[in-house]
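Peer 1: Mind looking at a prediction? Sequence and model below.
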Amino acid sequence: MVGVVVVVLIPLGSWLDGSGQLAWTMFSRTGQYRVELVAEGRALNPTAVAAVAAPGPTSAALAGADHFRHHDVWRATLRRHLGEVARLACKLAPGARITARLHERVRSDAEIETSEVMVQCDR
Amino acid sequence: MIGEPEVRPLGAARIAFGIVFLLRTTPLLAVFDPPFLRGGNGWLGWPDAGAHVPVLGLALPSAVVAMLVVVRTVAALGLLLGVRTRVCGLVAGIAGYLVLAQDAFGYFHHLHMLYLGAILFAVVDADAALALRLEQTRSPRSSLVLMRVFVASIYLWAAIGKLASEWGTGAALAMFRESGALERVASVITPESAAAIEVGVVAGELAIGAGLLWPRTRRVALAGALALHVMFEIVARVDTIGWQMCALLLVFTRSGPPRRATP
């Protein structure tokens, strides 16, 4: 039973949820991401949010993300947690309505896919 | 302390895996400044003043996270030494996952492997050989089979992942090269060679995964697996994945015959 769960079900489930993060997909996928943050029409630099979030992995993922960065695991993580990233940006713009966009591409010359979330920050 | 010969491979793998666990999650190697210990105090997941994105909203108080790091370390030591191995393996794995969940961006495959591996060593007869506190075997044969299939499956899933992506076209290695991750061998990865290298890596992983499962091909597959990890270490130095896999590969070493029951 344990074997079936560990060897088959966990990796398969991870494939089905689209991330493959628990399916030993080490280096099987490549990709780039860029984060765009806008607070009431004013652009916020993800590196500034990274500075507020520092230290730690979240900060490392956001630093320099105003340009395309290579990191497939962080790309997939950002897609799932874009709302939380937008909420982190609230520290720089309390009370503002923040739009967070994630731009992804599998290679430099590939089509860019964009996902977007909006959050209302507390004052 | 030597214990049951039949599960000696599990004991050996447990010890090696426990060592890698401690090296990866504590500052023991800090003096050598390995890349994976940079950017923190060396205690993996130790609470800091930064903002984090917890998985499933599972944000724990800093004091609890610090306690979990300590508990994880003590449990990993117990796993390594073979003292209350089953409890220690479970605790090390679960505490590890809880600490890992404090920041979604801290997730990497090798950490999942580390914590899942610890839990697996807790549920098999890894405490019946090469342990300070030896326990009776419960199901030595299925224990060995479980760990061996688990290790082989990692290679097979890794190959499946690559087959389902752009691997084989040359695009993946070109992208890794562009990112600077393959700096040491950048000159070897040309547009002409990239696709062939990718096909070779995927074929190698498939062959290793399948070869490990059959006794006749196991020795060759083991040699191939070790060569693959040495190559990855030289080419890309991928955290501790290679170290963990080499530790886990010890489950494929030859086990002795089961002890005769004493009348």
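Peer 2: Received it, and whenever you're ready, just let me know what you need.
Peer 1: just the helices in chain B please.
Peer 2: Taking DSSP state H as the test, the helices found in chain B are B:8-25, B:62-81, B:85-100, B:109-123, B:140-163, B:171-179, B:191-213, B:215-235, B:241-249.
Peer 1: Can you pull up the most central residue in chain A?
Peer 2: By Cα atoms, centre = their mean, chain A has its centre lying nearest to A:Leu78, at 1.1 Å.
Peer 1: Please pull up the helix or strand immediately following the least confident helix or strand in chain A by mean pLDDT.
Peer 2: One helix or strand of chain A scores below all others by mean pLDDT, DSSP states H and E: helix A:2-3, with a mean of 86. Using DSSP states H and E, the helix or strand that follows helix A:2-3 in sequence is helix A:10-16.
Peer 1: Strand partners (parallel or antiparallel) of the helix or strand just after that following helix?
Peer 2: Toward the C-terminus, helix A:10-16 is succeeded by strand A:32-39 as the next helix or strand (DSSP H and E). Counting by DSSP bridges, the strands paired with strand A:32-39 are strand A:42-44 (antiparallel), strand A:69-70 (antiparallel), strand A:97-105 (antiparallel).
Peer 1: So which of those is nearest A:Val5?
Peer 2: Set against A:Val5 and scored by Cβ to Cβ, the strands paired with strand A:32-39 come closest in strand A:97-105, at 31.1 Å. Backbone N, C-alpha and C define where each C-beta goes, glycine included.
Peer 1: residues in contact with B:Leu79?
Peer 2: B:Arg14, B:Phe17, B:Gly18, B:Phe21, B:Thr85, B:Cys88, B:Gly89, B:Ala92, B:Ala118, B:Phe121, B:Ala122 (Cβ atoms under 8 Å, 6 or more residues apart in numbering or on different chains).
Peer 1: mind checking how far the spatially closest residue to B:Thr85 that is not a sequence neighbour is from B:Leu80?
Peer 2: Nearest non-adjacent residue to B:Thr85, counting by Cβ to Cβ, 6 or more residues apart in numbering or on different chains: B:Asp127, 3.5 Å away. The gap separating B:Asp127 from B:Leu80 is 12 Å, by Cβ to Cβ, to the nearest Å.
Peer 1: who's more crowded, these two?
Peer 2: Between B:Asp127 and B:Leu80, B:Asp127 has the larger neighbour count (other Cβ atoms under 10 Å in any protein chain shown), namely 31 against 23.
Peer 1: my read: that one touches B:Gly78, true?
Peer 2: No: counting by Cβ atoms under 8 Å, B:Asp127 sits too far from B:Gly78 to count as a contact (10.2 Å).
Peer 1: what touches both of these two?
Peer 2: In contact with both B:Asp127 and B:Gly78: B:Thr85, using Cβ under 8 Å, 6+ apart.
Peer 1: pLDDT score assigned to the residue nearest to B:Thr85?
Peer 2: With respect to pLDDT, B:Asp127 scores 94.
Peer 1: export the strands paired with strand A:32-39 to JSON lines and tack on mean pLDDT?
Peer 2: Formatted as JSON lines, the entries for the strands paired with strand A:32-39 read as follows, by pLDDT from 0 to 100:
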{"stretch": "strand A:42-44", "mean pLDDT": "92"}
{"stretch": "strand A:69-70", "mean pLDDT": "90"}
{"stretch": "strand A:97-105", "mean pLDDT": "94"}
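Peer 1: out of these, nearest to B:Gly42?
Peer 2: When the strands paired with strand A:32-39 are compared by Cβ to Cβ, strand A:69-70 sits nearest B:Gly42, at 25.6 Å.
Peer 1: Whichever helix or strand comes after the closest one - contacts with which helices or strands?
Peer 2: Using DSSP H and E, the helix or strand that follows strand A:69-70 in sequence is helix A:72-80. The contact analysis (3 or more Cβ pairs under 8 Å, 6 or more residues apart in numbering or on different chains; DSSP states H and E) places helix A:72-80 against strand A:32-39, helix A:57-62, strand A:97-105.
Peer 1: ok, and what's touching the second one?
Peer 2: Contact partners of helix A:57-62, identified using Cβ under 8 Å, 6+ apart, comprise A:35, A:46-47, A:49-51, A:53, A:71, A:74, A:77-78, A:85, A:88, B:39, B:50-53, B:103-106.
Peer 1: again with the last one
Peer 2: Contacts of strand A:97-105 from elsewhere in the structure, counted by Cβ under 8 Å, 6+ apart, are A:31-40, A:44, A:68, A:75, A:78-79, A:82-83, A:85-87, A:89-90, A:111-121.
Peer 1: do that again at 7 Å, thanks
Peer 2: Residues external to strand A:97-105 that are found in contact with it (Cβ atoms under 7 Å, 6 or more residues apart in numbering or on different chains): A:31-40, A:75, A:78-79, A:82, A:85-86, A:89-90, A:111-121.
Peer 1: List only buried entries from those residues.
Peer 2: A:31-39, A:75, A:78, A:82, A:85-86, A:89-90, A:117, A:119, A:121 (16 or more other Cβ atoms under 10 Å in any protein chain shown).
Peer 1: B:Ala174 versus the residue nearest the centre of chain B, what's the distance?
Peer 2: The centre of chain B sits closest to B:Gln244, judged by Cα atoms, centre = their mean, with a distance of 3.5 Å. B:Gln244 sits 28 Å away from B:Ala174, going by Cβ to Cβ.
Peer 1: And A:Val6, by the same measure?
Peer 2: The value you get for A:Val6 to B:Ala174, if Cβ to Cβ is used, is 34 Å.
Peer 1: repeat for A:Arg79
Peer 2: 23 Å.
Peer 1: That concludes my questions; thank you for your assistance.
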